[in-house]
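**Q** Here is the input, now give the coordinates:
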Amino acid sequence: MMSSFSPPKPKTRLRGVVFDMDGTLTVPVIDFPAMYRAVLGEDEYKRVKAENPTGIDILHHIESWSPDLQRHAYQTIADFERQGLDRLQIMPGTAQLCGFLDSKKIRRGLITRNIKEAVDLFHNRFGITFSPALSREFRPYKPDPGPLLHICSTWEVQPNEVMMVACGKRAGAFTCLLDETGRYSADDFTKSNLQPDFRVSSLTEVLSILEANFDLIP
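**A** From the prediction side, this is the model:
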């Protein structure tokens, strides 16, 4: 009688992890609803919020505005961001996860819609460096796949050898959503077709996901 045993499916090779910054590597400190109200006005904020249950893409929203209105909006956003720099805190589990990646010689990069000043402060304050680290000054900014594809090209790896801890599905990478408070439901991602591959409530959970699902070869 033939055995029904089949060898385990080989794990996917993982060569790099790319992180979002706000709410992923850093504890959220910016009052985004207040920022959106300051940029959009109360009525427009309510309308846009109702149409975007998973969050407002403020940078995309203001792209169609006149240059003068855009300048004022960018200044307002930057003011809120700079106010948050003094309160910048690293997300629990970041150092542990980065140490694990270092031990496996897995590259780590960063993509954020925040300003370069915030990225530099993060690197200097917490002594953990991500390279490449692409801030809002890199265009096109996420969720466009351009930044993630740029990092893959720099690393000379394929997108399907990379995980994005945030949302990088449009570039063909694996994705892991950090949802500390259970804010998101499966329905939130139905319209955008950006359902993450993995979901965690803390960065420390990412370690077990990487070990269980990937071949961690640099």
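
**Q** mind listing the strands for the protein?
**A** Along the chain, counting by DSSP state E, strands occupy 12-13, 16-19, 107-111, 133-134, 162-165, 174-178, 198-200, 214-215.

**Q** Between the ones you listed, which one is closest to E51.
**A** strand 174-178 (21.3 Å; CB to CB). Quick note: C-beta positions are derived from backbone N, CA and C, even for glycine.

**Q** Format the CA atom coordinates belonging to the biggest helix by length in the chain as PDB.
**A** When the chain is scanned for its longest helix (criterion: DSSP state H), the result is helix 67-85. Written as PDB, here are the backbone C-alpha positions of helix 67-85 (Å, rounded to 0.1, in the frame of the first residue of the first chain):
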ATOM      1  CA  PRO A  67      -1.100  75.400  -6.400                       C
ATOM      2  CA  ASP A  68      -1.900  78.000  -3.800                       C
ATOM      3  CA  LEU A  69      -4.400  75.800  -2.000                       C
ATOM      4  CA  GLN A  70      -2.000  72.900  -2.200                       C
ATOM      5  CA  ARG A  71       0.800  74.900  -0.700                       C
ATOM      6  CA  HIS A  72      -1.400  76.000   2.200                       C
ATOM      7  CA  ALA A  73      -2.500  72.400   2.700                       C
ATOM      8  CA  TYR A  74       1.000  71.000   2.700                       C
ATOM      9  CA  GLN A  75       2.100  73.600   5.200                       C
ATOM     10  CA  THR A  76      -0.800  72.700   7.500                       C
ATOM     11  CA  ILE A  77       0.100  69.000   7.300                       C
ATOM     12  CA  ALA A  78       3.800  69.700   8.000                       C
ATOM     13  CA  ASP A  79       2.900  71.800  11.000                       C
ATOM     14  CA  PHE A  80       0.900  69.000  12.600                       C
ATOM     15  CA  GLU A  81       3.800  66.600  11.800                       C
ATOM     16  CA  ARG A  82       6.400  68.800  13.400                       C
ATOM     17  CA  GLN A  83       4.300  69.200  16.500                       C
ATOM     18  CA  GLY A  84       4.300  65.400  16.800                       C
ATOM     19  CA  LEU A  85       8.100  65.100  16.500                       C
END
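
**Q** Tell me which of the strands of the chain lies nearest to R47.
**A** strand 174-178 (26.3 Å).

**Q** Show me the shaky parts of this structure.
**A** Within the chain, the stretches with pLDDT under 70 are 1-9, 167-171, 184-194, 218.

**Q** Not counting stretch 116-128 itself, show me its contacts.
**A** 21, 25-26, 81-82, 84-85, 88, 90, 94-95, 98, 110, 112, 129-130, 133, 135-137 (CB atoms under 8 Å, 6 or more residues apart in numbering).
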